[in-house]
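>>> Give me a model of this one.
(2 chains)
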Number of protein chains: 2
Amino acid sequence: MAAFTVHTSAATSLYSPAGTAILLRSRSRAYYPTTTIRVSCSKTVVIGVAADSGCGKSRFMRRLTSVLGGGAEPPRGGNPNSNTLVSDTTTVICLDDYQSLDRAGRKAKGVTALDPRAHDFDLMYDQVRAIKEGRAVEKPVYNHVAGLLDPPELITPPEILVIKGLHPMYDERVRDLLDLSVYLDISNEVKFAWKVQRDMAERGHSLESIRARKPDFDAYIEPQKQYADAVIEVLPTQLIPGPGDDEGKVLRVKLIMKEGVEHFAPVYLFDEGSTVNWIPCGRKLSCSYPGIRFAYGFGTYFGHEVSVVEMDGQFDKLDELIYVETHLSNLSTKFYGEVAQQMLKHADFPGSNNGTGLFQTIVGLKIRDLYEQIVARR
Amino acid sequence: MAAFTVHTSAATSLYSPAGTAILLRSRSRAYYPTTTIRVSCSKTVVIGVAADSGCGKSRFMRRLTSVLGGGAEPPRGGNPNSNTLVSDTTTVICLDDYQSLDRAGRKAKGVTALDPRAHDFDLMYDQVRAIKEGRAVEKPVYNHVAGLLDPPELITPPEILVIKGLHPMYDERVRDLLDLSVYLDISNEVKFAWKVQRDMAERGHSLESIRARKPDFDAYIEPQKQYADAVIEVLPTQLIPGPGDDEGKVLRVKLIMKEGVEHFAPVYLFDEGSTVNWIPCGRKLSCSYPGIRFAYGFGTYFGHEVSVVEMDGQFDKLDELIYVETHLSNLSTKFYGEVAQQMLKHADFPGSNNGTGLFQTIVGLKIRDLYEQIVARR
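Here you go, the predicted model:
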């Protein structure tokens, strides 16, 4: 395991309440120097997770840090509005913190948070590279509550750094730093059903603003899919005929895994490299309506060879989850039932009974495995 | 293994060239007494195989006796027109031999060979029971070439007796003697494509006579399906779209296996009791058009719980066969690759490259397993 980096530079508070945007861009190199003390020979493994919204404290990040080594919390004694999560092994930083325009600045320029022009990719690259090389950095903090930039916070190089946000694979330089890249792809049908509820309740966004995001999303976020090693695609169920499930509660979720990625062996069902459809519910396993259906196959995704595991439906009982886990291969678990244990641990999270929770947990296990393979090789 | 029964009664030749029908029925008990010497404590295991046509020397019987203990031949020094096959462990008798009406008799009475009135079920029952109990019998011989009854032949109790023909499960008393019953179910589409070629070439039957058989077939043969423990159903392929495969060369074959049959554990694919579709051709296994598709599932068949394994398409290479064998479970093989070995042994038989050969071989293995379980229990 990597020795902890000791940060020695003075924690200079650079808080500026307004007009931060311009300042940030200009001071990106001058004011946030990376520390010059190299602490460990083992480099940080860097994982990129692209997702439309939700930062830092999202369910996926909680599942991930749970698999990677226990509960993750915001940095102790730091900014209560920090978007960062720190666990024993893993630090998750939110790429919103690299916004070069705050809410007012974006409004003034007429750009959304999805627009690359609202982000400082030079600083993002410098700091992610610094951490990967074992140097601590002073990372900006975007305060989602205020819509402003808060004073920066210290990020010391963890064993695993997860950079999560809108653009982890947008900038080629940042992309090249990633040991694995993940894209959370919520289909439009499901996204609208979810986001209308969440954003309206939590952030006061209107349905209109959500819809207004779509052109920029399509232009700047979605193209990152082509670079992802793993994509979790969330679609409406196909198990309910006719109008289906309007509320987006029953989901069909795909885990699309790129072939030939170092230290990342795709999960498969029964027979690697073949095509399988599987309804586990039957004589041994009883399921309530609309049941559970798995599919496994292969194909190409943006020109890359991929394997795909798909789950439609939801788990009603622990039995079902363990049954399914037993029949999936290459899960990178350390003991029988680890996937089920992880999902039970976060049973209160939405998605713990369906493919979103299942595949998020599996991706966490694959990241742990990748990390351990990299460490072992050193 | 059962000790061979010694037959002591005089081999009385009872050949009568014409009008045999009435004679046969009346003499069934008087002239064909079962021997009274009990030879072995171990009873013969009796298997019924219902099939529309082809007797004794059919491919299925060759495959079966091959699995059950080497090559099978007509009885040595016997009637060259014997319909019987004898191997070390197994004797296959053809139920056509229990016809009470010969060809002329059937014509005179206006009944087909499918009609139970053309068969002597009392004699069939007496003799099958006698063999099962360890007694030799003098079985009639129907000469297919002449369409007449030939002198009887001696059948000593083998370890496994297969009774094959049109009506092995028709008579309740005979049915109750069966340790396992198998029905070969060729769909009408496939049957006509095959039979037109075969019967016209080999037996001079006309297409009309084949068609004329259908009502009796539906009335007397097909209802036996409900009693079968295993059904091999041969259907046209679904892999070729549009008009499909008119020549009946590419086949979709189902193996329907009754649940809860003693000593007969159904074969399954990947996960017992679930529903699976599997296209083995993919990254690891390349197949030529139209490929291979397997399905596995469960359901009811004539009110009985059944498991079903289906294969559509055909094997082009040995690799494919071994690959498929590796992924099927409960095959009752004794070593890795035994199914492939058996099918290669008879590679010249039609059906060796598709589900008919595969499932016939598997049924043979299941019969061997059933026999060994019965012997072990004694």
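
>>> mind showing which ranges of the stretch 1-150 of chain A have poor pLDDT?
A:1-42, A:53-57 (pLDDT under 70).

>>> Count residues in the vicinity of the residue in it positioned nearest to chain B, would you?
Closest residue of the stretch 1-150 of chain A to chain B, C-beta to the nearest C-beta: A:Val67 (25.9 Å). For glycine as for every other residue, the C-beta is placed from the backbone atoms N, C-alpha and C. For A:Val67, the number of neighbouring residues by other C-beta atoms under 10 Å in any protein chain shown comes to 26.

>>> Same check on A:Ala193?
18.

>>> That one touches A:Thr237, doesn't it?
No: the pair A:Ala193 / A:Thr237 is not scored as a contact, 11.9 Å apart, by C-beta atoms under 8 Å.

>>> in the stretch 201-350 of chain A, which spans are strands?
A:230-236, A:251-258, A:268-269, A:275-279, A:292-301, A:304-313, A:328-329 (DSSP state E, counting those that start in this stretch).

>>> Output the first one as CSV, restricted to C-alpha atoms.
Same thing as strand A:230-236. C-alpha atoms of strand A:230-236 as CSV (Å, rounded to 0.1, in the frame of the first residue of the first chain):
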residue,chain,number,x,y,z
ALA,A,230,-17.1,0.3,-18.5
VAL,A,231,-20.5,1.8,-19.1
ILE,A,232,-23.5,1.2,-16.9
GLU,A,233,-26.5,1.9,-19.0
VAL,A,234,-29.9,2.4,-17.3
LEU,A,235,-33.0,1.7,-19.5
PRO,A,236,-36.7,1.2,-18.9
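
>>> That one to strand A:292-301, inter-axis angle?
130 degrees (axes from the mean of the first three to the mean of the last three C-alpha atoms, to 10 degrees).

>>> So what are the sheet partners of strand A:230-236 and their directions?
strand A:180-186 (parallel), strand A:251-258 (antiparallel) (DSSP bridges).

>>> In a strand, the residue of the stretch 1-150 of chain A closest to chain B, correct?
No: A:Val67: not assigned to a strand; according to DSSP: H, G, I helix; E, B strand; the rest coil it is helix.

>>> pretty sure it contacts A:Gly364?
Yes: assessed by C-beta under 8 Å, A:Val67 is found in contact with A:Gly364 at 3.4 Å.

>>> Near chain B, which residues of chain A are found?
For chain A, the contact set with chain B under C-beta under 8 Å from any C-beta of the partner chain comprises A:270-285, A:297-298, A:327.

>>> Give me the buried subset of those.
Among the residues of chain A next to chain B, those classed as buried by 16 or more other C-beta atoms under 10 Å in any protein chain shown are A:270-282, A:285, A:297-298.

>>> buried set for stretch A:109-121?
Buried, per 16+ other C-beta under 10 Å, within stretch A:109-121: A:111-116, A:118-121.

>>> What lies in contact with that stretch?
The contact list for stretch A:109-121, computed with C-beta atoms under 8 Å, 6 or more residues apart in numbering or on different chains, reads A:24-25, A:28, A:95-96, A:98-101, A:105-106, A:166-167, A:170-171, A:173-174, A:212-213, A:216-217, A:219-221.

>>> swap the cut-off to 6 Å and go again
A:25, A:28, A:98-101, A:106, A:166, A:171, A:213, A:216-217, A:220-221 (C-beta atoms under 6 Å, 6 or more residues apart in numbering or on different chains).

>>> repeat for stretch A:182-189
Counting by C-beta under 6 Å, 6+ apart, A:49-51, A:225, A:228, A:230-236, A:363 sit against stretch A:182-189.

>>> what do you get for stretch A:74-91?
In contact with stretch A:74-91 (C-beta under 6 Å, 6+ apart) are residues A:55-56, A:61, A:65, A:68-70, A:72, A:92-94, A:97, A:141, A:143, A:145, A:150, A:153, A:158-161.

>>> Tell me the confidence at the residue of chain A most remote from its centre?
Largest separation from the mean C-alpha position in chain A: A:Arg283, at 37.1 Å (C-alpha atoms, centre = their mean). Note for A:Arg283: predicted pLDDT of 90.

>>> That one and B:Tyr268, how far apart?
Applying C-beta to C-beta, to the nearest Å, the value for A:Arg283 to B:Tyr268 is 10 Å.

>>> if we can go back for a sec, closest one to B:His263 among the strands of the stretch 201-350 of chain A?
Nearest to B:His263 among the strands of the stretch 201-350 of chain A is strand A:275-279; the distance by C-beta to C-beta comes to 28.7 Å.

>>> Pull up the pairing partners for the closest one, direction included.
When DSSP bridges is applied, strand A:275-279 pairs with strand A:292-301 (antiparallel), strand B:275-279 (antiparallel).

>>> Specify the angle between that strand and strand A:304-313 in degrees.
Going by the same axes, to 10 degrees, strand A:275-279 makes 10 degrees with strand A:304-313.

>>> CA-only coordinates of strand A:275-279 in CSV, if you can.
Output of strand A:275-279 as CSV, limited to C-alpha atoms (Å, rounded to 0.1, in the frame of the first residue of the first chain):
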residue,chain,number,x,y,z
THR,A,275,-24.6,-15.2,-26.2
VAL,A,276,-26.9,-16.1,-23.3
ASN,A,277,-30.3,-15.2,-22.2
TRP,A,278,-31.2,-16.4,-18.7
ILE,A,279,-34.3,-16.2,-16.6
